[in-house]
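S.K.: sequence? don't have it. structure:
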């Protein structure tokens, strides 16, 4: 349980600032897959599927031009 809280909290903050976007999107998506198979078996898959889809887009495309990843890579 502590790992889930850590992944969601730190991963959410990293995604908010665009830091390590592609690296952080995978554990969040994996956490949501586990949530679907444990907590949402009876229904209510909407939110976890939305988070998985958003993480897939972020993993594929990256954070964008205003992200911390982009600022750090252009600074060096």
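M.R.: Structure received. Since this is a predicted model, take the numbers as computed values, not measurements.
S.K.: residue contacts, the residue nearest the centre of the chain?
M.R.: Averaging the C-alpha coordinates of the chain gives a centre point, and the residue nearest to it by Cα atoms, centre = their mean is residue 25 (3.4 Å). Applying Cβ atoms under 8 Å, 6 or more residues apart in numbering, one finds that residue 25 lies in contact with 15, 55, 56, 58, 59. Bear in mind the C-beta positions are built from the backbone N, C-alpha and C, glycine included.
S.K.: List phi and psi for the second one.
M.R.: Dihedral angles phi and psi of residue 55 (degrees, to the nearest 10) take the values phi -70, psi -40.
S.K.: what is the rounded mean pLDDT of the biggest helix by length in the chain?
M.R.: For the chain, the helix that runs over the most residues, judged by DSSP state H, is helix 21-38. Per-residue confidence for helix 21-38 averages out to 94 on the pLDDT scale.
S.K.: any idea how far the residue nearest to the centre of the chain is from residue 5?
M.R.: Shown here: residue 25 relative to residue 5, a distance of 18 Å by Cβ to Cβ, to the nearest Å.
S.K.: how near is the residue nearest to the centre of the chain to residue 68?
M.R.: In this structure, residue 25 and residue 68 are separated by 15 Å, where distance is defined by Cβ to Cβ.
S.K.: quick one on the thing from earlier: work out the gap between the longest helix of the chain and the centre of the chain.
M.R.: Relative to the chain's own centre, helix 21-38 is displaced by 7 Å; criterion: Cα atoms, centre = their mean, to the nearest Å.
S.K.: Could you list the buried residues of it?
M.R.: Buried residues in helix 21-38, counted by 16 or more other Cβ atoms under 10 Å: 21, 24, 25, 27, 28, 29, 31, 32, 35.
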